[in-house]
Every structure is written in C-alpha cells, then in structure tokens.
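Chemist: Have a look; sequence and predicted model below, questions after that.
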Amino acid sequence: MLKIKHFAVFAAVVVLAVLFPAYAGASGKKERAEPEWVTDPYRMYNRVVYLAAVGSAPSRDTAEKTALINLTSIFGQSIEGESKANYTYSQAVEASSSSWSEKSDIAQAVKISAAMDTLIGAEIKDVWKSPDGTWYAAAVMDKAKTNLIYSELIQQNLGTITKLTSLSTAEKESFDGFINYYQAANLADANLVFSNVRTVISSGSMMGENLKPGNDYRLEAVRIARNIPIAVSVENDRQNRIKDAFSGVLTRAGFRTGGSDSRYVLRARLSLDEAAYPNTPYKWIRYGVDASLIDVSTGTVLFPYNINGREGHTSLSEAEARAVRAAEDRINEDYVNALGMFLSRNITRQP
C-alpha cells in the first residue's frame, strides 16, 4: 500500500515536471509573441485599402521616423519636394480665409504631415516594443482618404493660381505681378508632386495630364522682371560708382534699370565723414549707404537697405577712395543676397 502511494506521488511529480516546462514555454512564447504586422504590415492592413510600411530602431521615435521613411520610399521620386509643400500648406491651413480650415480632416492631415516631415496623409498606426528593447512602428496611408486629400489640395491650388495670375496689364507688369507668378510657380510645382502621389495611390488617376508645370510661370515671371524699369539715383556718388553697383545687381537679378519716369526707384545716399582717432598716423573715413527701393505710385518703401564701415590710409584722399571701393564691394556682395531674401519672403508668403 505504501509502495502504491509512493508510486502515485512519484508519478504526479513526473507529470508536473513534464507539463510545467511546456506550460512555462507556452506562457513565455505568448509574452514574446510579436504582432503580425511586424513582419508583414499587410497581414493587418489590407493592401487594397492601405499602403503600409514598418520601421524598427532602439527608440520609439526613431522607429516611427524609419517607418515613415520606408513608407515614403514606396513612392520613389514621385514625392520630391513634398516636405517643402508641407511647410507651405501647414501655414495655409492656419489662414482663416482658407477653405481647408473648414475641412478638418484635410487640415489635420496637412498639419500632422508638416510636423512629421513626411507625406500628407501618412500616420503611425501601431507601435510595439520587443523583449530585447527594439521598437517597431507601422506607418499607414488610407488610399481613399489620402486620394481625397490630394484631390482637394490640387483643386484649391488651381483656384489660387487662377487668382494670382488673373491680372490686368498694369497689375502684371509690376513687382506684385512678378511675385504672383513666382507664387503660382511654387503652387504648380506642388500640384505636380501631389498628382504623382495620387498616381501611385490610385493608378487610374489622370488629373496630372492637364497640370501646368511651375517653370511655365517662372518664365513669365522672368519676362515680367525684364519689363519692370527701375530707376537708380544716388546722392553724393563718386563717379557713379555706387549707382553702377546697384544697377549691376538689379540687372543680374533680371530687372531692367534706367529711365526717369519709372514706377520703381532705388534711391540711395552715400555719406563719407572723416573720423579722428588718437595715436595713429592714419586718416580714417567712415562711409555709409542708405538705400530704399520705392514704389513711386504709392510712395511705399518696398525694401530698405543700409551698410556702413570705415577705411584708413596715410592720405585722406586715398582713405576716401578706399571707403568708396569698400561700399561698392559690399553692395556687389551683400545687396544681391538681401534683395534675393526680400523677394523670397514675398514669393513664399501666403497667397
């Protein structure tokens, strides 16, 4: 009887010894089991409905960015310039007059896209951290929803382009016309990007066939610039050195200079003042140039510009000559960049 009891206990121990590791193994496997989407996102996200990609990294943030990059790679070169477009549209939806602000889904998608620096319509749907500390993220685009977003953006852009370029002759042949056409070019560039993305999302999309390329508008902007005469006038100039420097910069920027009845005038003044410094054999001249690009029709200063510095020499006349050369060099180097920044700010402003 005792032997039977001992045998029963022994048998129970054996059974437990056999079963427990199996149970523990099953439990451990369950804890380590990864979501199906980690190895194939389309096991969770129907490829008919979604575009999806997975990214992994030691940190969650990097894994999400990697997933978005991998999703972006599906489009290849179709989305070149997308991040620049995102910035423009993230600002556009802030404008109270924007019709997008009434379409919360579109506005939100654009804002998220700009924040993540990725495709409009892309989002992180799932994240998972494996037992070894690796993070996995699934980036997803709903094809139908994204197609609608891009269609709306393209139509909005086409409307804005029409408004920017519907100008009278007087309005067109002006700085405003020049800037409008460059803005239209940027929007046209974005439209081609959006259309390319739609083609990938929806192979039947044909919207891009009738879209005008941005360079068409840029060529017209260049033509407008060549027909905008800008008169240049400089007080206290020495042998027209300062006037010629300004005129050269404007010509290289594509504008026409000269004329006495121009709508636009660049008015400047050169100042040369002797500066006394003790304990030095040199004569010093302080120079300054104050200039303003003015719209004579309204009296508006479009772009102010000023520089100053000093030059020295044992001869006062040579110090003055050096000061004029320094001012001339500064204009040739600095004004072209300053003018470019002024135009860029206006070209990228909200239409």
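Modeler: Arrived safely, thanks for sending. Numbering: from 1, shown residues only.
Chemist: shaky segments in this structure?
Modeler: 1-32, 76-118, 203-209, 347-351 (pLDDT under 70).
Chemist: those helices in it, which residues are they?
Modeler: Under the criterion DSSP state H, helices of the chain are mapped to 2-32, 60-73, 82-92, 104-116, 143-165, 169-172, 175-201, 214-226, 241-252, 316-330, 336-347.
Chemist: what separates stretch 120-137 from the chain centre, distance-wise?
Modeler: 27 Å (C-alpha atoms, centre = their mean, to the nearest Å).
Chemist: Kindly report the same for stretch 185-195.
Modeler: 13 Å.
Chemist: Could you list the alpha-carbon positions for it in PDB?
Modeler: The C-alpha coordinates for stretch 185-195 follow below in PDB (Å, rounded to 0.1, in the frame of the first residue of the first chain):
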ATOM      1  CA  ALA A 185       5.100  78.500 -59.900                       C
ATOM      2  CA  ASN A 186       5.600  77.100 -56.400                       C
ATOM      3  CA  LEU A 187       1.900  76.000 -56.300                       C
ATOM      4  CA  ALA A 188       2.200  74.400 -59.700                       C
ATOM      5  CA  ASP A 189       5.300  72.500 -58.600                       C
ATOM      6  CA  ALA A 190       3.400  71.300 -55.500                       C
ATOM      7  CA  ASN A 191       0.400  70.200 -57.700                       C
ATOM      8  CA  LEU A 192       2.700  68.000 -59.900                       C
ATOM      9  CA  VAL A 193       4.100  66.400 -56.700                       C
ATOM     10  CA  PHE A 194       0.600  65.800 -55.400                       C
ATOM     11  CA  SER A 195      -0.600  64.400 -58.700                       C
END
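Chemist: wait, doesn't Tyr335 sit right on Tyr305?
Modeler: Yes. Tyr335 is in contact with Tyr305 according to C-beta atoms under 8 Å; the separation is 6.2 Å. To be clear about C-beta, it is placed using only N, CA and C from the backbone, and glycine gets the same treatment.
Chemist: between these two, who's got more neighbours?
Modeler: Set Tyr335 next to Tyr305 and count neighbours by other C-beta atoms under 10 Å: Tyr335 wins out with 22 against 18.
Chemist: Disregarding flanking residues, what is the spatial nearest neighbour of that one?
Modeler: Val249 (4.8 Å; C-beta to C-beta, 6 or more residues apart in numbering).
Chemist: Now for that neighbour: which residues touch it?
Modeler: Taking C-beta atoms under 8 Å, 6 or more residues apart in numbering as the contact definition, Val249 lies against Ile331, Asn332, Tyr335, Val336, Leu339.
Chemist: and Asp244, how many neighbours does it have?
Modeler: With other C-beta under 10 Å as criterion, Asp244 counts 17.
Chemist: mind listing what the residue nearest to it when sequence neighbours are not counted touches?
Modeler: Using C-beta to C-beta, 6+ apart and skipping the chain neighbours, the partner closest in space to Asp244 is Glu328 (8.0 Å). If a contact means C-beta under 8 Å, 6+ apart, then Glu328 has Arg241, Ile242, Asp244, Ala245 as its contacts.
Chemist: how much space between Glu328 and Asn236?
Modeler: 14 Å (C-beta to C-beta, to the nearest Å).
Chemist: next one: Ile331
Modeler: For Ile331 relative to Asn236 (C-beta to C-beta), the value is 15 Å.
Chemist: higher neighbour count, those two?
Modeler: Ile331 (24 against 11).
Chemist: So the more buried one sits against Ala245, correct?
Modeler: Yes. Here Ile331 reaches Ala245: they are 4.1 Å apart, a contact under C-beta under 8 Å.
Chemist: what about Ala231, distance to Arg310?
Modeler: 30 Å.
Chemist: and for Tyr335 and Tyr305, which residues touch both?
Modeler: Ala291.
Chemist: re the thing from before, pull the most distant pair out of the contacts of Glu328.
Modeler: Ile242 and Asp244 (7.3 Å; C-beta to C-beta).
Chemist: Next, the contact list for Tyr264, please.
Modeler: So, once contact is read as C-beta under 8 Å, 6+ apart, Tyr264 ends up touching Phe175, Ile228, Pro229, Ile230, Ala231, Leu293, Ile294, Asp295, Val296, Leu302.
Chemist: What are the contacting residues of stretch 51-60?
Modeler: 37-38, 41-42, 45, 62-71, 73-74, 125, 127, 129, 133-141, 143, 201.
Chemist: Ignore what I typed, I meant stretch 267-277.
Modeler: By C-beta under 8 Å, 6+ apart, stretch 267-277 touches 232-238, 242-243, 246, 283-292, 294, 310, 316, 320, 323-324, 327.
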